[in-house]
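Peer 1: Sequence unavailable; structure follows:
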């Protein structure tokens, strides 16, 4: 956006002032050309700011008109910021620019610099607003607010958990001895019932009785279906469809003739009406002729479509009538002649319509006779359909009513015809399906342990015969051979019955040892008696009246199911017995649940405890309500629907406690805590999003600051080179050079201070390696400041330049690492936007500003640089390997490298401890730095092994 570019230019123009302002200029008048230039520049920037405001106001109106809501809102926020001022000043940026202008005019350069710094901060904030960048302070405030809300919600969750535990304790304390005996007895009875079921199923599987029972049940169902098909086939009459052809034909003729009679009558009536209108002198004959012509054309189209001569005659009559009207002059005589002709044509059509109506009546009589023949035939399967058709024809009268009645009768008969035609197909499909079922039963029988027994072989043969007969019945039905289909269906029914008798005998003989079955039946009977005895225990337990009734009912259901299981075991019906035993187990489980849920406080002390718990629950519900209100007051706070549910369930728990319903209270308390925890998870997710935004904004600001540091330092490096190049051969600095070196010293000291502030901020985020790079730059900047200043003798030689080069290198490394991290975060944002919800992976870096891998990579690079520098020193200074005296400055450089190496080793130990890495041994392969691109900076060695 052009506005953003303009603001950037304003910021850069303002930044120029502090570097250009002459030190110590405090005169009350303009004392130099440079001072006058600064005043003019400040005045120009003030005018530019005014133009910026006008442009923003114009863009707001334009964006509103174009519907660009978001862009317009950003511009409004920017205008509000320009008018409201900043956190650094009570006045706005325009006033601060004017103040800077006045201070420059008065020669108060230092005060002007302070004001200009405030202006820069204000303009940077304006630029961030227009670029829709979040405000770091606001993000941190939101994070702090979220942390506070999370802590409050954690306290509520803990309070609810403690309340739930106390309710559980009261629930247990409220159980009297009878209650505990009842619950223990129910649990024991349930275990016994499950054991009986397991033993029954095991014995049934071992004997094969269970499979035979299933086969028997399936065969019973198949036999029933086969009997239904046989019954339908017995009454099926494929030729009945042909008997409907005569009445259907007569009904079609009735509809056709009645429709012609109706059409002729309508056209005759239309001509009579036209004749009456033609006699009226007010009638427009041309319009009337057009209407008749259109009606004639429609009739002609209908006549061609239906091949109807009567309709064609009527259309011709209408066309002649239209022609008569068009030829009549606008006088009374010709109108009368035309009207007479229309009446004659109408009379002709009416007579023809009468003849067609008579023909329709005759066709109607013939249709009635045909239907009565079907209805009176006692062998006909369509008697009911014929009777309903006759009832429909009873509504016939004039041609229109006759056509409608014939249509209704025809529709009913055609449905009957379709059903008769489909019945053969349906019967064929049913018999084919029954044949498949018989084959499946035969195959199932072959898989039973009794497959080789004579009874099983006879049953298998019967099923095979049934299948063959059913397939033949299906073919006969599809061929409309009703007699053969019925015969084969009955044969299949007989074979299925024989197979059922054989399988029933096999099942009875294979139901296991009679002694085992009787033993199980006896144990089942004993258990039923024990369960009925528990009903008396329920009456003395600490249960409410409603719970006592529910427990008694469930116990009775269990006892009845056990009685049924006992009878089925005695009859050798293992599968049926297993089903009854499962019902008994379910009833016992229900009784146990009702018994546990029905516990009520028994003593006054317990009732008081329940009331106290209800009071605590009420307080939690109130705090939840207040929490929701505070949360709703946050700007753009996402809803927490689970907390509304938590408040509702908390109120339900309170009511249950007040009523002494401890079990329901526990369930509601459990739900309350679950929903509170869900809200906590939502808050944590929101906090993580704010943390990510805050970290990204902080990284962006740090990157901007490092970029500014590097740019400012580059200017000083260039100035140092210029000063050094201008030195005299003696090396002594001139007066002008000393002034410039003093400025370099002051500026490098200021950069060191900025590096220190930035290092402190990064250390607070836990990014120690990034902070170490700034610490190195800070130490080297202070050395440069000392060497270039008076205390260092105004040096500008290679040593100073090498220190400045190290500063540039370390700041460049830091800037590269910061940009890589920003790029990585952008890629992560894009990837997460493409992933489905809930598929995000958790980070192991505990919300640190940069991940461990980025810091480890940078740490390896730093240590590599130390190693390379040591190797260079050994090449340049061979005396380092001997015993000769070493230059003090060289020793200082070596000590500087030692400090760097020691710090890198300390940082590596910290990472190793935090990540749980083992200590490296003698083998350097124990340490592997994170992957880096191939090149001279690739880390390969352990920093701790370079001492």
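Peer 2: Great, that's in hand. Small disclaimer: the values here were computed from a predicted structure and weren't measured.
Peer 1: CA only for contacts and neighbour counts going forward, please
Peer 2: Will do.
Peer 1: Now find how far off-centre stretch 456-463 is within its chain.
Peer 2: Remark: stretch 456-463 is offset 57 Å from the chain centroid, using C-alpha atoms, centre = their mean, to the nearest Å.
Peer 1: got a list of contacts for it?
Peer 2: With C-alpha atoms under 8 Å, 6 or more residues apart in numbering as the test, stretch 456-463 has contacts from 438-439, 441-442, 445-446, 450-451, 495-496, 498-500, 502-503, 506.
Peer 1: Quick check on those: which are buried?
Peer 2: 438-439, 441-442, 445, 450-451, 495-496, 498-500, 502-503, 506 (16 or more other C-alpha atoms under 10 Å).
Peer 1: right, and the pair among the residues you listed with maximum separation?
Peer 2: Pairwise distances across the buried ones among the contacts of stretch 456-463 (C-alpha to C-alpha) peak at 19.8 Å, for the pair 450 and 495.
Peer 1: Check which element follows the longest helix along the chain along the chain.
Peer 2: Using DSSP state H, we find that the single longest helix of the chain is helix 662-725. Using DSSP states H and E, the next helix or strand after helix 662-725 towards the C-terminus is helix 735-764.
Peer 1: and residue 370, what pLDDT?
Peer 2: Listed pLDDT for residue 370 reads 66.
Peer 1: If you could redo that for residue 215, that was the one I meant.
Peer 2: Residue 215 is given a pLDDT of 83.
Peer 1: Tell me the buried residues in the host helix or strand of it?
Peer 2: Using DSSP H and E, residue 215 sits within helix 209-235. For helix 209-235, burial by neighbour count (16+ other C-alpha under 10 Å) applies to 209-216, 219, 222-223, 226-227, 229-230, 233-234.
Peer 1: Mean confidence (pLDDT) on stretch 668-676, please.
Peer 2: 90.
Peer 1: Residues in contact with that stretch: which ones?
Peer 2: 153, 156-157, 160-161, 163-164, 642-643, 645-647, 649-650, 652-653.
Peer 1: quick one: low-confidence parts of the stretch 551-700 of the chain?
Peer 2: Counting by pLDDT under 70, the stretch 551-700 of the chain contains low-confidence ranges at 636.
Peer 1: ignore the last one, the stretch 1-150 of the chain
Peer 2: For the stretch 1-150 of the chain (pLDDT under 70), the answer is 1-34, 70, 84-91, 131-136.
Peer 1: And the helices in it, which stretches?
Peer 2: With DSSP state H, counting those that start in this stretch, the ranges of helices along the stretch 1-150 of the chain come out as 2-20, 33-66, 69-84, 93-105, 109-130, 136-173.
Peer 1: what would those helices look like in JSON lines with mean neighbour count and distance to residue 698?
Peer 2: JSON lines is the format used below for those (neighbours: other C-alpha atoms under 10 Å; distance: least, C-alpha to C-alpha, whole Å):
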{"stretch": "helix 2-20", "mean neighbour count": "16", "distance to residue 698": "19"}
{"stretch": "helix 33-66", "mean neighbour count": "16", "distance to residue 698": "27"}
{"stretch": "helix 69-84", "mean neighbour count": "17", "distance to residue 698": "21"}
{"stretch": "helix 93-105", "mean neighbour count": "21", "distance to residue 698": "24"}
{"stretch": "helix 109-130", "mean neighbour count": "20", "distance to residue 698": "13"}
{"stretch": "helix 136-173", "mean neighbour count": "16", "distance to residue 698": "7"}
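Peer 1: Arrange these in JSON lines, one row each, with distance to residue 196 as further columns.
Peer 2: As requested, these are exported to JSON lines (distance: least, C-alpha to C-alpha, whole Å):
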{"stretch": "helix 2-20", "distance to residue 196": "83"}
{"stretch": "helix 33-66", "distance to residue 196": "80"}
{"stretch": "helix 69-84", "distance to residue 196": "73"}
{"stretch": "helix 93-105", "distance to residue 196": "89"}
{"stretch": "helix 109-130", "distance to residue 196": "76"}
{"stretch": "helix 136-173", "distance to residue 196": "31"}
